[in-house]
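Novice: here is my input, please return the structure:
(one chain, ligands or ions: 2)
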Amino acid sequence: KRLILVGPPGSGKGTQSPIIKDEFCLCHLATGELVSDDLVVGIIDDALKKPSCQKGFILDGFPRTVVQAQKLDEMLDKRGVKVDKVLNFAIDDAILEERITGRWIHPSSGRTYHTKFAPPKVPGNWRALIQRKDDTAAVLKSRLEAFHKQTEPVIDYYKKKGIVANLPAEKPPQEVTSEVKKVLS
Ligand code: ADP
Ligand code: ADP
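Specialist: Numbers count the residues shown, from 1 in each chain. Ligands and ions are numbered 1, 2, ... in the order given. You can find the predicted model right below:
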(Lines give C-alpha, C1' and ligand atoms only; values in the text may rest on other atoms or scores of the structure.)
(Ligands and ions follow the chains in the order given, each with its own letter.)
Protein backbone atom coordinates (compact mmCIF):
# COMPACT_ATOMS: atom_id res chain seq x y z
CA LYS A 1 0.00 0.00 0.00
CA ARG A 2 1.11 3.55 -0.72
CA LEU A 3 -0.21 5.89 1.92
CA ILE A 4 -0.05 9.54 2.85
CA LEU A 5 -0.92 10.78 6.35
CA VAL A 6 -2.23 14.35 6.49
CA GLY A 7 -3.33 16.31 9.52
CA PRO A 8 -2.43 19.30 11.67
CA PRO A 9 0.38 19.11 14.24
CA GLY A 10 -0.83 17.03 17.19
CA SER A 11 -3.49 15.14 15.25
CA GLY A 12 -1.82 11.77 15.93
CA LYS A 13 0.09 11.01 12.71
CA GLY A 14 3.32 10.11 14.48
CA THR A 15 1.43 7.91 16.95
CA GLN A 16 -0.38 5.92 14.27
CA SER A 17 2.38 5.68 11.64
CA PRO A 18 4.55 3.01 13.35
CA ILE A 19 1.42 0.89 13.96
CA ILE A 20 0.32 1.14 10.31
CA LYS A 21 3.87 0.56 9.12
CA ASP A 22 4.21 -2.70 11.11
CA GLU A 23 0.72 -3.95 10.29
CA PHE A 24 1.25 -3.62 6.53
CA CYS A 25 5.07 -4.02 6.34
CA LEU A 26 5.51 -0.61 4.79
CA CYS A 27 8.55 1.61 4.71
CA HIS A 28 8.15 4.85 6.61
CA LEU A 29 9.53 7.86 4.80
CA ALA A 30 9.98 10.79 7.17
CA THR A 31 10.65 14.09 5.48
CA GLY A 32 10.79 16.68 8.25
CA GLU A 33 13.60 18.71 6.68
CA LEU A 34 13.46 22.13 5.14
CA VAL A 35 14.93 21.32 1.75
CA SER A 36 13.64 22.04 -1.74
CA ASP A 37 10.57 20.23 -3.06
CA ASP A 38 12.61 18.59 -5.83
CA LEU A 39 15.19 17.34 -3.35
CA VAL A 40 12.53 15.76 -1.11
CA VAL A 41 10.84 14.11 -4.10
CA GLY A 42 14.27 12.88 -5.24
CA ILE A 43 14.94 11.39 -1.80
CA ILE A 44 11.58 9.58 -1.88
CA ASP A 45 12.27 8.40 -5.45
CA ASP A 46 15.61 6.90 -4.32
CA ALA A 47 14.02 5.28 -1.26
CA LEU A 48 11.42 3.53 -3.41
CA LYS A 49 14.21 1.47 -5.02
CA LYS A 50 15.00 -0.17 -1.67
CA PRO A 51 13.78 -3.73 -1.08
CA SER A 52 12.13 -2.60 2.18
CA CYS A 53 9.88 -0.25 0.18
CA GLN A 54 8.55 -2.79 -2.29
CA LYS A 55 5.39 -3.50 -0.28
CA GLY A 56 4.58 0.19 -0.20
CA PHE A 57 5.27 3.25 1.89
CA ILE A 58 3.89 5.75 4.37
CA LEU A 59 4.58 9.43 3.93
CA ASP A 60 4.02 11.50 7.06
CA GLY A 61 4.50 15.27 6.81
CA PHE A 62 4.75 15.31 3.02
CA PRO A 63 3.28 16.66 0.75
CA ARG A 64 2.59 19.86 2.64
CA THR A 65 1.64 21.97 -0.40
CA VAL A 66 -0.27 21.30 -3.62
CA VAL A 67 2.92 21.88 -5.62
CA GLN A 68 4.64 19.15 -3.58
CA ALA A 69 1.67 16.83 -4.19
CA GLN A 70 1.90 17.45 -7.95
CA LYS A 71 5.65 16.80 -7.98
CA LEU A 72 5.17 13.62 -5.99
CA ASP A 73 2.49 12.43 -8.44
CA GLU A 74 4.75 13.17 -11.44
CA MET A 75 7.53 11.13 -9.89
CA LEU A 76 5.22 8.21 -9.02
CA ASP A 77 3.71 8.36 -12.53
CA LYS A 78 7.16 7.79 -14.01
CA ARG A 79 7.45 4.70 -11.82
CA GLY A 80 4.00 3.55 -12.93
CA VAL A 81 2.56 3.65 -9.42
CA LYS A 82 0.14 5.86 -7.54
CA VAL A 83 -0.94 6.79 -4.03
CA ASP A 84 -3.63 4.36 -2.81
CA LYS A 85 -5.03 6.27 0.16
CA VAL A 86 -4.67 9.59 1.91
CA LEU A 87 -5.54 9.28 5.59
CA ASN A 88 -6.95 12.60 6.73
CA PHE A 89 -6.55 13.09 10.49
CA ALA A 90 -9.65 15.25 10.91
CA ILE A 91 -9.70 17.11 14.22
CA ASP A 92 -10.87 20.40 15.66
CA ASP A 93 -8.12 22.97 16.25
CA ALA A 94 -9.33 23.48 19.84
CA ILE A 95 -8.13 19.99 20.85
CA LEU A 96 -4.59 20.46 19.57
CA GLU A 97 -3.12 22.81 22.16
CA GLU A 98 -3.46 20.24 24.96
CA ARG A 99 -2.09 17.51 22.67
CA ILE A 100 0.95 19.58 21.65
CA THR A 101 1.87 21.13 25.01
CA GLY A 102 1.67 17.71 26.71
CA ARG A 103 3.73 15.89 24.06
CA TRP A 104 7.00 14.21 25.11
CA ILE A 105 9.35 12.40 22.75
CA HIS A 106 11.74 9.50 23.27
CA PRO A 107 14.57 10.78 21.03
CA SER A 108 16.30 7.51 20.16
CA SER A 109 13.15 5.58 19.17
CA GLY A 110 11.07 8.56 18.05
CA ARG A 111 8.17 7.26 20.13
CA THR A 112 5.69 9.82 21.32
CA TYR A 113 4.16 10.12 24.78
CA HIS A 114 1.74 12.50 26.50
CA THR A 115 1.54 13.69 30.11
CA LYS A 116 -2.20 12.91 30.24
CA PHE A 117 -3.13 10.72 27.26
CA ALA A 118 -0.11 8.43 26.85
CA PRO A 119 2.22 8.45 29.89
CA PRO A 120 5.13 5.96 29.88
CA LYS A 121 4.20 2.69 31.64
CA VAL A 122 7.31 2.80 33.83
CA PRO A 123 7.29 6.16 35.69
CA GLY A 124 11.13 6.28 35.79
CA ASN A 125 11.14 6.40 32.00
CA TRP A 126 10.06 10.05 32.07
CA ARG A 127 13.77 10.85 32.52
CA ALA A 128 14.52 9.65 28.98
CA LEU A 129 11.91 11.93 27.39
CA ILE A 130 12.28 15.43 25.97
CA GLN A 131 9.92 18.14 24.75
CA ARG A 132 10.23 19.75 21.32
CA LYS A 133 11.03 23.41 21.70
CA ASP A 134 8.38 24.34 19.11
CA ASP A 135 5.67 22.48 21.02
CA THR A 136 4.26 25.63 22.60
CA ALA A 137 0.83 27.23 22.27
CA ALA A 138 2.31 30.25 20.45
CA VAL A 139 4.25 28.24 17.86
CA LEU A 140 1.29 25.89 17.40
CA LYS A 141 -0.79 28.89 16.34
CA SER A 142 1.52 29.69 13.44
CA ARG A 143 1.94 26.01 12.48
CA LEU A 144 -1.85 25.73 12.38
CA GLU A 145 -2.14 28.83 10.19
CA ALA A 146 0.36 27.30 7.76
CA PHE A 147 -1.57 24.02 7.85
CA HIS A 148 -4.90 25.65 6.98
CA LYS A 149 -3.42 27.82 4.26
CA GLN A 150 -1.01 25.39 2.57
CA THR A 151 -1.89 21.84 3.53
CA GLU A 152 -5.68 21.81 3.60
CA PRO A 153 -5.69 22.40 -0.19
CA VAL A 154 -3.62 19.19 -0.46
CA ILE A 155 -6.57 17.28 1.04
CA ASP A 156 -8.89 18.80 -1.60
CA TYR A 157 -6.37 17.88 -4.31
CA TYR A 158 -6.58 14.20 -3.29
CA LYS A 159 -10.36 14.38 -2.65
CA LYS A 160 -10.77 15.14 -6.36
CA LYS A 161 -8.96 11.87 -7.03
CA GLY A 162 -11.38 10.08 -4.68
CA ILE A 163 -8.69 8.59 -2.42
CA VAL A 164 -9.19 10.47 0.87
CA ALA A 165 -10.35 8.63 3.99
CA ASN A 166 -11.35 10.80 6.94
CA LEU A 167 -10.27 9.53 10.35
CA PRO A 168 -11.94 10.52 13.66
CA ALA A 169 -8.61 11.84 15.01
CA GLU A 170 -10.19 13.32 18.15
CA LYS A 171 -11.07 9.84 19.42
CA PRO A 172 -8.72 7.72 21.61
CA PRO A 173 -5.66 6.25 19.82
CA GLN A 174 -7.04 2.66 19.73
CA GLU A 175 -10.22 3.83 18.04
CA VAL A 176 -8.23 5.74 15.43
CA THR A 177 -6.15 2.61 14.83
CA SER A 178 -9.21 0.42 14.29
CA GLU A 179 -10.66 2.95 11.86
CA VAL A 180 -7.36 2.94 9.94
CA LYS A 181 -7.44 -0.85 9.70
CA LYS A 182 -11.05 -0.75 8.53
CA VAL A 183 -10.24 1.80 5.83
CA LEU A 184 -7.21 -0.19 4.61
CA SER A 185 -8.73 -3.66 4.73
P1 ADP B 1 1.44 14.47 15.05
O2 ADP B 1 2.51 13.49 14.62
O3 ADP B 1 0.26 14.47 14.12
O4 ADP B 1 1.99 15.86 15.28
P5 ADP B 1 1.44 12.95 17.56
O6 ADP B 1 1.19 11.55 17.14
O7 ADP B 1 2.81 13.32 17.93
O8 ADP B 1 0.84 13.97 16.46
O9 ADP B 1 0.43 13.25 18.77
C10 ADP B 1 0.50 14.49 19.50
C11 ADP B 1 0.36 14.21 21.01
O12 ADP B 1 -0.95 13.71 21.29
C13 ADP B 1 1.32 13.14 21.51
O14 ADP B 1 1.72 13.51 22.82
C15 ADP B 1 0.51 11.86 21.54
O16 ADP B 1 0.93 10.98 22.56
C17 ADP B 1 -0.90 12.36 21.78
N18 ADP B 1 -1.92 11.64 21.03
C19 ADP B 1 -1.80 11.06 19.79
N20 ADP B 1 -2.97 10.50 19.39
C21 ADP B 1 -3.86 10.74 20.39
C22 ADP B 1 -5.25 10.43 20.58
N23 ADP B 1 -5.94 9.77 19.63
N24 ADP B 1 -5.85 10.84 21.72
C25 ADP B 1 -5.15 11.52 22.67
N26 ADP B 1 -3.84 11.84 22.56
C27 ADP B 1 -3.20 11.47 21.44
P1 ADP C 1 4.85 19.07 12.54
O2 ADP C 1 5.05 18.02 13.60
O3 ADP C 1 4.47 20.42 13.07
O4 ADP C 1 3.92 18.63 11.43
P5 ADP C 1 7.52 18.45 11.43
O6 ADP C 1 8.26 17.93 12.61
O7 ADP C 1 7.03 17.48 10.41
O8 ADP C 1 6.28 19.40 11.90
O9 ADP C 1 8.40 19.55 10.70
C10 ADP C 1 8.98 20.63 11.42
C11 ADP C 1 9.00 21.88 10.55
O12 ADP C 1 9.71 21.64 9.31
C13 ADP C 1 7.60 22.28 10.14
O14 ADP C 1 7.00 23.17 11.05
C15 ADP C 1 7.81 22.92 8.77
O16 ADP C 1 8.06 24.32 8.90
C17 ADP C 1 9.04 22.25 8.24
N18 ADP C 1 8.68 21.22 7.21
C19 ADP C 1 8.64 19.87 7.39
N20 ADP C 1 8.30 19.22 6.28
C21 ADP C 1 8.12 20.17 5.32
C22 ADP C 1 7.74 20.15 3.95
N23 ADP C 1 7.45 19.01 3.31
N24 ADP C 1 7.64 21.31 3.29
C25 ADP C 1 7.89 22.48 3.93
N26 ADP C 1 8.24 22.57 5.22
C27 ADP C 1 8.37 21.45 5.92
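Novice: so what touches the lowest-mean-pLDDT helix or strand in the chain?
Specialist: Every helix and strand of the chain was ranked by mean pLDDT, DSSP states H and E. The lowest is strand 27-30, at a mean of 86. Residues outside strand 27-30 that contact it (Cβ atoms under 8 Å, 6 or more residues apart in numbering): 17-18, 21, 43-44, 47, 50, 52-53, 55-62. Every C-beta, even on glycine, is put in place using the N, C-alpha and C of the backbone.
Novice: same thing but at 6 Å, please
Specialist: 17, 21, 44, 47, 52-53, 57-59 (Cβ atoms under 6 Å, 6 or more residues apart in numbering).
Novice: could you do stretch 93-102 as well?
Specialist: For stretch 93-102, the external contacting residues (Cβ under 6 Å, 6+ apart) are 10, 114-116, 135, 137, 140, 144, 170.
Novice: which of those count as buried?
Specialist: 10, 114, 135, 140, 144, 170 (16 or more other Cβ atoms under 10 Å).
Novice: for ligand 1, tell me which of the residues you listed show up nearby.
Specialist: Residues of these in contact with ligand 1 (Cβ under 6 Å from any ligand atom): 10, 114.
Novice: could I get the buried ones among the contacts of stretch 93-102 as CSV with pLDDT?
Specialist: Shown next, in CSV, are the buried ones among the contacts of stretch 93-102 (pLDDT from 0 to 100):
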residue, pLDDT
10, 98
114, 98
135, 98
140, 98
144, 98
170, 98
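Novice: wait, which of the buried ones among the contacts of stretch 93-102 is closest to ligand 1?
Specialist: Distance to ligand 1 across the buried ones among the contacts of stretch 93-102 (Cβ to the nearest ligand atom) is lowest for residue 114, with 3.4 Å.
Novice: tell me the phi and psi of the closest one?
Specialist: Phi and psi for residue 114, reported as degrees, to the nearest 10, are phi -150, psi 140.
Novice: in contact with it, which residues are there?
Specialist: Contacts of residue 114 (Cβ under 6 Å, 6+ apart): 102-103.
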